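Participant: make a model of this:
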Amino acid sequence: MESTKPHIALLASPGIGHLIPMLELAKRLVSNQTFKVTVFVVSTDHASIANTQLLQSPAAAAGSGDDGLLDVVLVPFVDVPDIVGPGDAMVEKLVATVLRSLPFIRTEISKMEIPPAALVVDLFGTEALGIADEFNMLKLVLIASNAWFIAVMLCSPDIDRKEIEEHVKNRTPLNIPGCKPLKFEDTFHVFSMDPNDPSYQGYIGTAIKMSLTDGILVNTWDELEPTSLKALRHTKKVPIYPIGPLVRSTGKSVPRNEIIDWLDKQPGESVIYVSFGSGGTLSAQHVIELAWGLELSQQRFLWVVRPPTENDAAGTFFTLGNGTYTNPDYLPDGFLARTQDRGLVVPMWAPQVQVLSHPSTGGFLTHCGWNSSMESIVHGVPMIAWPLYAEQKLNANMLTEDIGASIRVTTVESDGVVTREEIRSMVRKILVDHEGRNIRARCKELKISAAKAIAEGGSSYNSLSQIAEVCIQHLKTESSRA
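Facilitator: Prediction:
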């Protein structure tokens, strides 16, 4: 490896939504740039990594067979009960876990013969940017979301407090410079907080830290979000590098399992895939309505089911694993028997990329996590948007109104119920009705656009090459100083 080729360190916070983009970025840095890459993976408990199918073999999942250029380091488990309690928000636990993991990461970097040229963190790892300063590394942030989300976040510290209050109390749209205004129905929960609340202060602090870095990498591409990316570049607060889509590949061979075997028996584009991500859960009432909606649609379905929770839409974020059941009592009586000829219900987890890439899959009922959205677009699968938490309502707005890749449930209030009749109608619209034809065609166009962006010479390929050049120049500057 040439001496000018940098070694880059990546830090992935807990959760599949942060880990997947980091691993995919690492693989591209190795394959496209032949860089040495070390990925630090933080976990929230012993089960959150080990029980996940994706990381049964972390090094293999990351592709570390590429001439030893990629190293995956699992950060030892740290407990944080003295920092956060059971009732604290998911974000608080994420940030606290990363914070307590910093001594290990600092020690590991100090042992390296040559410190990395850059440290890339995700949204919840900005506390680690101080380590980059200690070792004279470039500071980069990878946002596993879209450019519109970044635009909202970066402008937040500069928005007049009165405008935010008007947005929350009177439900007026929030103006985002150069971008589409943010509707109240799609807003972030943090805006409704007291400005002195630690969570609000943490959000603003993170936005400021991001604006002071050497660049923000974003999981999107120029052709997907031209308006938001233009707005971000116009502010000149921080360099923006769209490098998406960062999506797992299906691999050279797909392991056989019950789900793939079942899909193989279904007609082309006939199955609606239903999953709410690695952590999403529904209320008991919504589970019942969803079951009835799928049954009434008379369409084929593959449903990843989790036990309902009444107060936490992200109820399994930290406890993802495989479950088993014979006939869960939270489904309608007789549902499994009545739908066994056209439906498959699986507990907790499914190989999502393999499902979305399967020719029998014709639609995706999703929570609109950005990873899931990207995986659906990359495989040309139209979506039914049912957002649950975090920035998912913003994502749903964008997918439906701007990109044209989805339809959206009409219930937007947190206490509203998406009825079985609406679910029946949406499933049929995506799979069989004439109304859904334009959406299905649009998703096939987006699939081609995504592939072009990451191919050699594409917009995202070139953007990643720019990051590589910045790292190389930084390495040369540091070498000359030494």
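
Participant: what does stretch 257-265 rub up against?
Facilitator: Residues from elsewhere that reach stretch 257-265, judged by Cβ atoms under 8 Å, 6 or more residues apart in numbering: Val254, Val271, Leu302, Leu344, Val346, Ala350, Pro351, Gln354, Val355, His358, Ser360, Thr361. For the C-beta atoms, the positions are set from N, CA and C on the backbone; glycine is no exception.

Participant: 6 Å instead, please
Facilitator: Leu344, Ala350, His358, Ser360 (Cβ atoms under 6 Å, 6 or more residues apart in numbering).

Participant: tell me where the stretch 351-482 of the chain has helices.
Facilitator: 352-356, 370-378, 392-397, 420-431, 437-454, 459-481 (DSSP state H, counting those that start in this stretch).

Participant: same deal with the stretch 151-300 of the chain?
Facilitator: Counting by DSSP H, counting those that start in this stretch, the helices of the stretch 151-300 of the chain are 161-169, 198-211, 226-235, 258-264, 284-297.

Participant: wait, Ala291 sits on Asp333?
Facilitator: No. Using Cβ atoms under 6 Å, Ala291 is not in contact with Asp333; the gap is 10.4 Å.

Participant: who's more crowded, these two?
Facilitator: Neighbour count, other Cβ atoms under 10 Å: between Ala291 and Asp333, Ala291 has more, with 24 against 9.

Participant: if I look at that one, how far off is Leu431?
Facilitator: 17 Å (Cβ to Cβ, to the nearest Å).

Participant: how about Val238?
Facilitator: From Val238 to Leu431 the distance is 42 Å (Cβ to Cβ).

Participant: export the helices of the stretch 151-300 of the chain as a markdown table, with columns for mean pLDDT.
Facilitator: Compiled in a markdown table, the helices of the stretch 151-300 of the chain are given as follows (pLDDT from 0 to 100):
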| stretch | mean pLDDT |
| --- | --- |
| helix 161-169 | 96 |
| helix 198-211 | 95 |
| helix 226-235 | 95 |
| helix 258-264 | 96 |
| helix 284-297 | 96 |
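
Participant: can you say which of the ones you listed is packed in most?
Facilitator: Among those, judged by mean count of other Cβ atoms under 10 Å, the one packed with the most neighbours on average is helix 284-297 (a mean of 20).

Participant: what packs against the helix or strand just after it?
Facilitator: Next in sequence after helix 284-297, counting helices and strands by DSSP states H and E, comes strand 300-305. The contact analysis (3 or more Cβ pairs under 6 Å, 6 or more residues apart in numbering; DSSP states H and E) places strand 300-305 against strand 271-275, strand 343-347.

Participant: just the buried residues of the last one, please?
Facilitator: The one in question is strand 343-347. Gly343, Leu344, Val345, Val346 (16 or more other Cβ atoms under 10 Å).

Participant: next: stretch 262-275.
Facilitator: Buried, per 16+ other Cβ under 10 Å, within stretch 262-275: Trp262, Leu263, Gln266, Glu269, Ser270, Val271, Ile272, Tyr273, Val274, Ser275.

Participant: which of those lies closest to Ala207?
Facilitator: Ser275 (30.5 Å; Cβ to Cβ).

Participant: thought that closest one was touching Trp303?
Facilitator: No. Judged on Cβ under 6 Å, Ser275 makes no contact with Trp303 at a distance of 7.7 Å.

Participant: the closest residue to Gln33 other than its chain neighbours: how many residues sit nearby?
Facilitator: What sits nearest to Gln33 in space, not counting adjacent residues and going by Cβ to Cβ, 6 or more residues apart in numbering, is Ala468, at 4.5 Å. As a burial measure, Ala468 scores 21 neighbours (other Cβ under 10 Å).

Participant: mind checking how far the residue most central in space within the chain is from Glu225?
Facilitator: Closest residue to the average C-alpha location of the chain: Asn371 at 3.5 Å, with Cα atoms, centre = their mean. Applying Cβ to Cβ, one obtains 16 Å for the distance of Asn371 from Glu225.

Participant: do Glu295 as well
Facilitator: 37 Å.

Participant: likewise Val98?
Facilitator: In terms of Cβ to Cβ, Val98 sits 28 Å off from Glu225.

Participant: and those two? which has more neighbours close in?
Facilitator: A direct count of neighbours by other Cβ under 10 Å for Val98 and Glu225 places Val98 higher, at 28 against 24.
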